[in-house]
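>>> please work out how this folds:
(4 chains)
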There are 2 protein chains.
Amino acid sequence: MTSAPARRARRHDPGRRDRLVDTTLDVIAEQGVTAATHRAIARAADVPLGSLTYHFASLAELLAAAFTRHVDAVAERFDERMRAAPDRTAALEALVEHLTGDLLGSQRDLVLAVELYVAAARDPALRAVTQDWMSRSRRSLERHLDPVTAREVDALVEGLVLHSALSTEPMTADQIRSALHRLAG
Amino acid sequence: MTSAPARRARRHDPGRRDRLVDTTLDVIAEQGVTAATHRAIARAADVPLGSLTYHFASLAELLAAAFTRHVDAVAERFDERMRAAPDRTAALEALVEHLTGDLLGSQRDLVLAVELYVAAARDPALRAVTQDWMSRSRRSLERHLDPVTAREVDALVEGLVLHSALSTEPMTADQIRSALHRLAG
DNA sequence: GGCCGTTGTGTACGGTTGTTCCTATGAGCC
DNA sequence: GGCTCATAGGAACAACCGTACACAACGGCC
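Residues are numbered from 1 along each chain as shown, chains lettered A, B, ... in the order given. Predicted coordinates for the structure are as follows:
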């Protein structure tokens, strides 16, 4: 029996561009943004190396597309939660759920957030993505909070996320809830 | 006239190991942790390439030594401020000064903090450094705040720092002070 | 059916990296 | 003065990177 020949994706492959963006996010989440090289992504997506430079002019462009897609999804999900909340109290509780469920619950989203922070610290194009994210999340919060409070809550949330990412012990929902209520309650 | 021969450091060079650690911090602050290569650091310190692997078994070890030195300095400076504060109100004001003066005032410390976050997200050795920093700063805060509040303030501060690093508009002392007082006032 | 342009593929190139290794040097001790 | 060994120095190596490019294949239009 020959060794497994690594089944190639079919030659005609519409939507490969989309799939490459998703695979890039997977690689970043699993191995970090510095490990997200052309070769690593090509291997993960099971496509030849040249396919990446065909679909994306540069690696930076591919990374930007990937982070943009991720931020769009997270921001939209969050705004839905805020729109659904009837009042301020419900909004804060929805925020707690957003944090414990989406961000801190799945390591994936947490890791992606931190990797984006990291990459954005040096790449102006990615910094635009993070600024878009911050302003969108602030706008979502402002559905139930005044602008000043929204900004403070946004910063606190950012810190909680980073804390959880770097700490050994994860933060509990109760701790998050109490901090939020003290700031915006 | 020949081109400048790049004056070499003298052959006998006691304390070079220390100087390499400082230079590493400079390179990280100016060009980011990903640009802190053996060659970049050697060039900045004006020493031959081989000198780095002689003094430090690996690049990771050098980076860890550099971040450790920096964290030690910042944490010690902060604890001094907290020790000097007579009461809770003074402590909060000292924290504002610490943030606006040391961290946000000089871009250098802010950049170093974010670069450390970034690097720590992937390197367990560096994560130990950040955890040490967090626990020390929390302990300093606990000189005037109860543990729960200290933890929340620490998280908020982390978020404010990150916000300032990634945002275009820096955060003002007044905004920081008002957020802190709302949380711990 | 035959052409053509879009899409897919594999290889090669120039550059940078961390690390190793051999040699040269000189400060401290006898 | 002579020995010795920790330090200084520079070249070399293997691995990896992003990107370019020439060629193959196929769908859609005439």
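
>>> mind listing the helices in chain A by residue range?
Using DSSP state H, the helices of chain A run over residues A:16-31, A:38-45, A:50-55, A:59-84, A:88-97, A:107-120, A:124-141, A:147-166, A:173-184.

>>> so does the worst-scoring helix or strand of chain A on mean pLDDT get close to chain B?
When the helices and strands of chain A are scored by mean pLDDT, DSSP states H and E, helix A:107-120 comes last with a mean of 88. Yes - with Cβ under 8 Å from any Cβ of the partner chain as the measure, helix A:107-120 is seen reaching chain B through A:Val111, A:Val114, A:Glu115, A:Tyr117, A:Val118, A:Ala120. Bear in mind the C-beta positions are built from the backbone N, C-alpha and C, glycine included.

>>> adding mean neighbour count, write the helices of chain A out as TSV.
Below are the helices of chain A laid out as TSV (neighbours: other Cβ atoms under 10 Å in any protein chain shown):
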stretch	mean neighbour count
helix A:16-31	18
helix A:38-45	17
helix A:50-55	15
helix A:59-84	17
helix A:88-97	18
helix A:107-120	21
helix A:124-141	18
helix A:147-166	21
helix A:173-184	18
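
>>> among the ones you listed, which comes closest to B:Phe67?
helix A:147-166 (12.8 Å; Cβ to Cβ).

>>> sorry, back to before: and the helices of chain A as JSON lines, adding distance to B:Val129?
Output for these, formatted as JSON lines (distance: least, Cβ to Cβ, whole Å):
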{"stretch": "helix A:16-31", "distance to B:Val129": "22"}
{"stretch": "helix A:38-45", "distance to B:Val129": "27"}
{"stretch": "helix A:50-55", "distance to B:Val129": "35"}
{"stretch": "helix A:59-84", "distance to B:Val129": "26"}
{"stretch": "helix A:88-97", "distance to B:Val129": "30"}
{"stretch": "helix A:107-120", "distance to B:Val129": "16"}
{"stretch": "helix A:124-141", "distance to B:Val129": "24"}
{"stretch": "helix A:147-166", "distance to B:Val129": "10"}
{"stretch": "helix A:173-184", "distance to B:Val129": "24"}
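
>>> which parts of chain A sit against DNA strand C?
With Cβ under 7 Å from any atom of the strand as the criterion, chain A meets DNA strand C at residues A:8-9, A:11-14, A:16, A:47-51, A:53-55.

>>> distance to DNA strand D added to the residues of helix A:107-120 next to chain B, as TSV?
Below are the residues of helix A:107-120 next to chain B laid out as TSV (distance: Cβ to the nearest atom of the strand, whole Å):
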residue	distance to DNA strand D
A:Val111	19
A:Val114	20
A:Glu115	15
A:Tyr117	20
A:Val118	15
A:Ala120	18
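
>>> where does chain A have low pLDDT?
For chain A, the stretches flagged by pLDDT under 70 are A:1-11.

>>> list the residues that contact the residue of it at minimum distance from DNA strand C.
Nearest residue of chain A to DNA strand C, counting by Cβ to the nearest atom of the strand: A:Gly50, 2.2 Å away. If you count contacts by Cβ atoms under 8 Å, 6 or more residues apart in numbering or on different chains, A:Gly50 has none.

>>> excluding chain neighbours, what is closest to A:His181?
Among residues not flanking A:His181 along the chain, A:Leu92 sits closest, at 6.7 Å (Cβ to Cβ, 6 or more residues apart in numbering or on different chains).

>>> the one you found touches A:Arg182, doesn't it?
No - using Cβ atoms under 8 Å, A:Leu92 makes no contact with A:Arg182, being 10.9 Å away.

>>> what about A:Glu169, distance to chain B?
10 Å (Cβ to the nearest Cβ, to the nearest Å).
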